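Participant: using only what follows, build the 3D model:
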Amino acid sequence: MHNPCIKRIMILTALLACTACGSVGKVFDRRQSATNQPLTVEASTVSLYLSDIRTLLEGDAKSQARVWDELQLDFTRAPTTTNRLRLALALATPGHPWTNAAQADGMLTELLLQPELLLSDEQVLAAVQLNMLRSRLSAETEARQAGTSATRTSERELAAARAQVELLRSDNSRLRTELEEAEEKLRAITLIERSIRERNGANSNTGEIGSDIDE
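Facilitator: Just a heads-up that it's a prediction; the model follows:
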């Protein structure tokens with residue numbers, strides 16, 4: 001399923017391409033290649049950008065690798081604005097192994113700082129992709145922060161629970177000790193009372209015996 005934001009980019013850029021296709025083929029791009037030679041812009045340039053993005057989003061692993069290798073090779077051989085933008089858009093596209101948000105942000109920012117090197121539809125595509133990229137990064141950062149906050153909260157709650165358990169254990173141990181001491185005292189008191197009763201009983205028996213003898 002398409003990412004809704006990416007799908008909107010494709011629709012918007014396709015419409016721009018259709019509007020501009022009648023004149024783009026006749027326009028000489030002011031971009032310069034590594035050899036400082038002027039390049040002409042083909043009407044299918046925007047379609048190429050979208051094709052790269054679509055393959056990286058929806059293609060199988062083999063198709064993704066083919067497009068990525070092509071992008072890297074073209075950029076290495078001729079780092080023109082077109083090839084730089086293709087690579088930047090690919091790096092900004094999520095869902096494939098070579099996504100690199102930080103590098104994409106830097107490349108797109110650099111390109112947009114030189115608007116004279118970009119056609120109007122390329123500027124729109126680069127700007128929208130950069131905004132989406134930063135929104136995604138911001139959302140990911142917020143999610144991480146929320147996760148960290150939740151983790152810290154959970155850790156504090158767990159620590160509090162452990163402290164409560166330790167307190168209950170300490171209380172139980174103290175109560176058990178007090179109970180044992182009380183039982184020990186009760187046994188001692190019981191022994192004393194028994195000894196007293198036995199002595200009293202012995203004295204009573206001795207008195208009765210003495211009375212009998214007197215008679």
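Participant: what segments of this structure are helices?
Facilitator: 4-24, 45-58, 61-77, 81-92, 101-112, 120-214 (DSSP state H).
Participant: which elements pack onto the last one?
Facilitator: So that's helix 120-214. helix 4-24, helix 45-58, helix 81-92, helix 101-112 (3 or more CB pairs under 8 Å, 6 or more residues apart in numbering; DSSP states H and E). Using the backbone N, CA and C atoms, a C-beta is placed for each residue, glycine as well.
Participant: what angle do the third one and helix 61-77 make?
Facilitator: I take that to be helix 81-92. 140 degrees (axes from the mean of the first three to the mean of the last three CA atoms, to 10 degrees).
Participant: average pLDDT for helix 81-92?
Facilitator: In this model, helix 81-92 has an average pLDDT of 93.
Participant: what of the longest one?
Facilitator: Throughout helix 4-24, pLDDT has a mean value of 46.
Participant: got phi/psi on L118?
Facilitator: Main-chain torsions, L118, degrees, to the nearest 10: phi -110, psi 140.
Participant: burial check on it, number of neighbours?
Facilitator: Residues lying near L118 (other CB atoms under 10 Å) number 21.
Participant: swap in L125?
Facilitator: By the measure other CB under 10 Å, the count of residues near L125 is 25.
Participant: shouldn't it be in contact with Y49?
Facilitator: Yes. In terms of CB atoms under 8 Å, L125 counts as a neighbour of Y49; the distance is 6.2 Å.
Participant: about what we covered before: can you tell me which of the helices of the chain is most buried?
Facilitator: With neighbours defined as mean count of other CB atoms under 10 Å, those peak in mean count at helix 81-92, which reaches a mean of 23.
Participant: tell me where the model's unsure across the protein.
Facilitator: The model of the chain has pLDDT under 70 over residues 1-45, 148-152, 201-215.
Participant: for A143, see how far away T82 is.
Facilitator: 35 Å (CB to CB, to the nearest Å).
Participant: no, scratch that, I was asking about D121
Facilitator: In terms of CB to CB, D121 sits 33 Å off from A143.
Participant: next one: R174
Facilitator: 46 Å.
Participant: cool, and Q103?
Facilitator: For Q103, the distance to A143 - CB to CB - is 21 Å.
Participant: same check, this time on N100
Facilitator: To A143, N100 is 19 Å away according to CB to CB.
Participant: then L175?
Facilitator: L175 is 47 Å from A143, by CB to CB.
Participant: same check on Y49?
Facilitator: Applying CB to CB to Y49 and A143 gives a distance of 29 Å.
Participant: try L158
Facilitator: Per CB to CB, L158 is found 22 Å from A143.
Participant: now do D105
Facilitator: 18 Å.
Participant: N172 now?
Facilitator: Distance from N172 to A143, by CB to CB: 42 Å.
Participant: try L108
Facilitator: 23 Å.
Participant: wait, what's in contact with the closest residue in space to G59 that isn't next to it in sequence?
Facilitator: Closest residue to G59 apart from its sequence neighbours, by CB to CB, 6 or more residues apart in numbering: V67 at 7.0 Å. With contact taken as CB atoms under 8 Å, 6 or more residues apart in numbering, V67 is in contact with 52, 55-56, 59, 90.
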